[in-house]
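>>> Sequence and computational prediction follow.
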Amino acid sequence: MGITDMQEAFYYRECAAAHENSPLGLHYAMFLPTINKQATPEQKKKWLPLAENYKMIGTYAQTELGHGTFIRGLETTATYDPKTKEFILDSPTLTSKKYWPGCLGKTSNHCVVMAQLYTQGKSHGPHMFMVQIRSMEDHSVLPGIEVGVIGNKFGYGTNDNGFLSFDKLRIPRENMLMRYSQVGRIPRENMLMRYSQVSRIPRENMLMRYSQVHEDGTYVKPQNAKLAYGSMVLIRSSIVSDAARGLAQACVISIRYSAVRRQTEAYPGGEEPQILDYQTQQYRLFPLLASAYSLQLAGKYVFNTYLEVNDQIEKGNLESMPELHALSAGLKAFSTYEASAGIEVCRICCGGHGYSQASGLPKIYVDVVPGCTYEGENTVMMLQTARYLMKCYSRAKQGQKLPGFVQYIGQNLNKKSCMSEEVALGCLVMAYEHRAARLVEAAAMRMQSLIQGGKKQHEAWNGSSVQLFWAAKAHCHLFCVKNFVDAIQAKSLSSKTVTVMKSVCQLYGVHGILENLGEFMQDGFFSGEQVGYLQRKMLALFENIRPNAVALVDAFDYPDMVLGSCLGRYDGQVYQALYDYAKSAPMNQTEIHSTYYKHLKPLINPETTSDAMQFAKL
Ligand SMILES: CCCCCCCCCC/C=C\CCCCCCCC(=O)SCCNC(=O)CCNC(=O)[C@H](O)C(C)(C)COP(=O)(O)OP(=O)(O)OC[C@H]1O[C@@H](n2cnc3c(N)ncnc32)[C@H](O)[C@@H]1OP(=O)(O)O
Ligand SMILES: Cc1cc2nc3c(=O)[nH]c(=O)nc-3n(C[C@H](O)[C@H](O)[C@H](O)COP(=O)(O)OP(=O)(O)OC[C@H]3O[C@@H](n4cnc5c(N)ncnc54)[C@H](O)[C@@H]3O)c2cc1C
């Protein structure tokens, strides 16, 4: 392709083969970025040219049969042998076999493996190792390795997710990715090269970060053990836009189709209206359209934040790591939950044709929904965000100033909504801030009361985790609403565009309140009258958005080739496309299917069935 920017290359591949889930997907999405972010300059110099030119094709092998979420519980071991200056990789138990990594079963010849590092008889936790698993000559599996595919899945059919295990496989010491932690002496030139790369960090950071070691395998601790989790943070920050893309494409298909499809006479003898004119169809689809816009903006924000914070991390400043982790983990969960549920609603809104692969919707769904699981199971990710919110809450209670987006935490909750008939954007943001602040405080109070009642920290955590989940979800929802409002208010859009986009933004906020009314009304923040304002505003916004609905999905500018849908075609020729799709079905290539002779004919015309068939019946 010749495209150097990885995100652009990702978008190009998404256009060239949308939702095909390339067997090289993990090579691009995780293998290359892990070398880029976790390897030393020396290791990058050796591996990157090979990997970028497909002389190494790899994946990211972390999850095991017995562990995916709990990385510190992974069982694969990498034990340092100072005599030979090698690591011995081993899968000591059945549950330690790597299981799920994409492109592992048949495609990859290398992988970066997350294994528990042991040196001098001590465990130092999960670290990454570069491992060759197949011959570069004939792709045969190398000795000491077992690898294969895991079999059929819910979707992802074009990705050979695989299993992998090691039987005391020896790899050179240089194969541990040592940018942030090392075993065995660091060559002087590496120190200088790294110094030149991070020349602006103070000397003491260099010592703290790159202190010398002995060749006997003494371990050098990283500045922060979670630096090894960096590739996951990158992908989580990318998944938000990926989820938004899937939801936007589903909205394009279902709203265009709803403008073409006519069904049921509006009154006796009247013409059949476009189904997009049914208020219930608008109620299901227009908030999803608004959500697609909101998640696209959120995806841009979180990825740009990732790039900025990662820049700081590479200069040795890890200050913003916790905030980036909380933001990327929470938004990854929130966006994939919202997009998966939304794509399914779009499919259902297309009736029977939505259930056909011809609609393009099932393919989008099975491509987006695993995002609720991979790169951090969503509930676990929300609880990681909640962990950060609890820390912010206690800092706020101690009078400390909170960073950027969490300043709403700890605010005075003894107030009422300013909501009026107009439903101002500012009142919407205030409502979401109040809800999130209240749920954060409720979760913190719950934990405090359990601890005061004698529960241990981990018992209080588990005993509060539903409320912690609610608080994290409300935090992410607030982020998306506020980010959308800020974009509308900051954008120098033309007055017509602002008017339309303001309605879309308002609908996102209003619908979110009405769908979670209990959380907004529990403390009397909203009066019943104000809820009435919101309900009337939502219905008015449907009418307001209806004339621009098709233009709003056209604006996503996805070509028919990417949508892969008979229902969402730009030219609206749905029925001809469906008929052509049916005619091209492989089973229609012969008038009578071969199974007729074997299975039907003996039933229908037993007397004329050939002797062989009679014999077959015996
Ligand atoms: C520029 C390049 C562009 C490239 C573009 C590519 C485009 C890609 C598009 C993406 C779309 C589709 C492709 C998808 C392909 C991916 C396929 C799937 C791949 C995988 O699934 S890989 C495996 C993923 N597995 C996981 O995510 C496991 C999840 N589990 C964890 O992360 C951890 O176990 C944990 C749940 C976070 C718990 O970790 P741990 O037990 O170690 O930590 P504690 O809970 O005890 O917390 C301690 C402390 O550490 C903080 N912390 C935890 N994680 C991080 C982190 N990542 N960063 C910073 N800080 C972290 C935590 O907050 C605690 O801090 P505290 O003590 O509270 O101060
Ligand atoms: C399509 C697909 C592609 C994948 N690709 C890769 C890949 O390329 N490389 C790779 O290494 N892995 C990959 N994975 C694996 C993926 O990363 C894991 O499945 C994911 O991290 C979840 O871990 P798990 O399967 O162990 O689920 P579990 O953690 O066992 O989750 C099961 C349930 O337990 C709950 N749970 C677990 N821990 C907690 C907790 N602490 N608190 C509350 N509830 C909890 C979860 O919420 C969930 O409901 C892929 C998975 C899929 C589906």
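Right, received. Where do you want to start? Ligands and ions are numbered 1, 2, ... in the order given.
>>> Next up, the contacts around the residue nearest the centre of the chain.
What sits nearest the mean C-alpha location of the chain, by CA atoms, centre = their mean, is residue 239, with 3.5 Å. Contacts for residue 239 (CB atoms under 8 Å, 6 or more residues apart in numbering) come out as 332, 335-336, 371, 375. From N, CA and C alone the C-beta is placed, and that goes for glycine too.
>>> Of those residues, which pair is most distant in space?
Greatest spatial distance among the contacts of residue 239 (CB to CB): 335 and 375, at 11.6 Å.
>>> These two - which one has more neighbours?
Taking neighbours as other CB atoms under 10 Å, residue 335 and residue 375 compare with residue 335 leading, 32 against 26.
>>> In the chain, which residue sits closest to ligand 2?
With CB to the nearest ligand atom, the shortest gap between the chain and ligand 2 falls at residue 68, namely 2.3 Å.
>>> what about that residue, distance to residue 328?
18 Å (CB to CB, to the nearest Å).
>>> These two: which has the busier surroundings?
More crowded of residue 68 and residue 328, by other CB under 10 Å: residue 328, with 29 against 18.
>>> and the longest helix for this protein?
Ranked by residue count and defined by DSSP state H, the top helix of the chain is helix 279-314.
>>> I'd like the next helix or strand past that helix.
helix 321-348 (DSSP states H and E).
>>> Please name every helix or strand in contact with that following helix.
When contacts are defined as 3 or more CB pairs under 8 Å, 6 or more residues apart in numbering; DSSP states H and E, helix 321-348 packs onto helix 230-260, helix 279-314, helix 351-354, helix 361-368, helix 378-397, helix 465-490.
>>> Which positions in the second one come out as buried?
Think helix 279-314. 281-282, 284-299, 301-303, 305-306, 309-310, 313 (16 or more other CB atoms under 10 Å).
>>> one step back: quick check, the residue of the chain closest to ligand 2 in a strand?
No: counting by DSSP: H, G, I helix; E, B strand; the rest coil, residue 68 is not found in a strand; it is coil.
>>> what does the model give residue 236 for pLDDT?
For residue 236, the pLDDT comes out at 97.
>>> hang on, isn't it packed against residue 327?
No: the pair residue 236 and residue 327 does not pass the contact test of CB atoms under 8 Å, sitting 9.2 Å apart.
>>> quick one, the longest helix of the chain and helix 321-348 angle?
Here helix 279-314 points in a direction 150 degrees away from that of helix 321-348 (axes from the mean of the first three to the mean of the last three CA atoms, to 10 degrees).
>>> who does helix 279-314 touch, helix- and strand-wise?
helix 230-260, helix 321-348, helix 465-490, helix 495-515, helix 528-545, helix 549-554.
>>> Could you give the average pLDDT over it?
97.
>>> again, but for stretch 521-528
Rounded mean pLDDT across stretch 521-528 is 96.
>>> got it, and stretch 450-461?
98.
>>> Show me which positions of it end up buried.
Those would be 450-451, 455, 460-461, for stretch 450-461 by 16+ other CB under 10 Å.
>>> Just give me the closest of these to ligand 1.
Nearest member of these to ligand 1, counting by CB to the nearest ligand atom, is residue 461, at 10.4 Å.
>>> The closest one - nearest residue in space that isn't next to it in sequence?
The shortest distance from residue 461 to any non-neighbouring residue, by CB to CB, 6 or more residues apart in numbering, is to residue 447 (6.8 Å).
>>> just how off-centre is the helix or strand hosting the one you found within its chain?
In this structure, residue 447 is located in helix 425-452 according to DSSP H and E. Distance of helix 425-452 from its chain centroid, counting by CA atoms, centre = their mean, to the nearest Å, is 26 Å.
>>> from memory residue 126 sits against residue 72, does it?
Yes: look at residue 126 against residue 72 with CB under 8 Å: they come within range, at 6.4 Å.
>>> near ligand 2, which residues of the chain?
26, 59-63, 67-69, 100-102, 156, 161, 370, 373-374, 376-377, 379-380, 383 (CB under 6 Å from any ligand atom).
>>> Make a PyMOL selection of the buried ones in those.
Only the buried entries of the residues of the chain next to ligand 2 go into this PyMOL selection, using 16+ other CB under 10 Å:
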select buried, resi 26+59+60+61+62+63+67+68+100+101+102+156+161+370+374+376+383
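>>> ok, and which of the residues of the chain next to ligand 2 reach ligand 1?
Applying CB under 6 Å from any ligand atom to the residues of the chain next to ligand 2, one finds that 60, 62-63, 68-69, 102, 374, 376, 380 fall near ligand 1.
>>> picking that back up, compute the inter-axis angle for the longest helix of the chain and helix 495-515.
100 degrees.
>>> What residues sit buried inside stretch 79-95?
For stretch 79-95, a neighbour-count test (16+ other CB under 10 Å) marks 79-80, 82, 86-91 as buried.
>>> Can you narrow the residues you listed down to the ones near ligand 1?
With the criterion set as CB under 6 Å from any ligand atom, no member of the buried residues of stretch 79-95 is near ligand 1.
>>> Please list the members of those residues that lie in helices.
Among the buried residues of stretch 79-95, no member lies in helices (by DSSP H).
>>> What parts of this protein come near ligand 1?
For the chain, the residues in contact with ligand 1 (CB under 6 Å from any ligand atom) are 6-7, 10, 29, 33, 60, 62-63, 68-72, 102, 226, 229, 232-233, 235, 238-239, 242, 321-322, 325, 374-376, 380, 384, 387.
>>> now do 5 Å
6-7, 10, 29, 62, 69, 71-72, 226, 229, 232-233, 238-239, 242, 321, 325, 374-376, 387 (CB under 5 Å from any ligand atom).
>>> looking at the helices and strands packed on helix 279-314, which has the lowest confidence?
helix 495-515 (a mean of 93).
>>> after that one comes which helix or strand?
The first helix or strand that comes after helix 495-515 along the chain, using DSSP H and E, is helix 517-521.
>>> Tell me which residues of that next one come out buried.
519-521.
>>> one step back: most neighbours per residue, which of the helices and strands packed on helix 279-314?
Most buried of these, by mean neighbour count (mean count of other CB atoms under 10 Å): helix 230-260, with a mean of 26.
>>> Let me know the angle separating that one from helix 321-348.
Using the same axes, to 10 degrees: helix 230-260 against helix 321-348 is 30 degrees.
>>> distance between helix 230-260 and the chain's centre?
Put simply, helix 230-260 sits 10 Å off its chain's centre (CA atoms, centre = their mean).
>>> and what of stretch 275-293?
On CA atoms, centre = their mean, the centre of stretch 275-293 falls 24 Å from the chain's centre.
>>> Can you tell me how far residue 478 is from ligand 1?
Going from residue 478 to ligand 1 by CB to the nearest ligand atom, to the nearest Å gives 20 Å.
>>> scratch that, residue 258 is what I was asking about
Counting by CB to the nearest ligand atom - residue 258 and ligand 1 are separated by 28 Å.
>>> ok, the nearest residue to that residue once chain neighbours are set aside - contacts?
In space, and not counting its chain neighbours, residue 258 is closest to residue 276: 3.9 Å by CB to CB, 6+ apart. Taking CB under 8 Å, 6+ apart, we find residue 276 in contact with 255, 258-259, 282, 285, 546, 549.
>>> Spatially, which two of those are the most separated?
With CB to CB as the measure, no two of the contacts of residue 276 lie farther apart than 259 and 282, at 11.6 Å.
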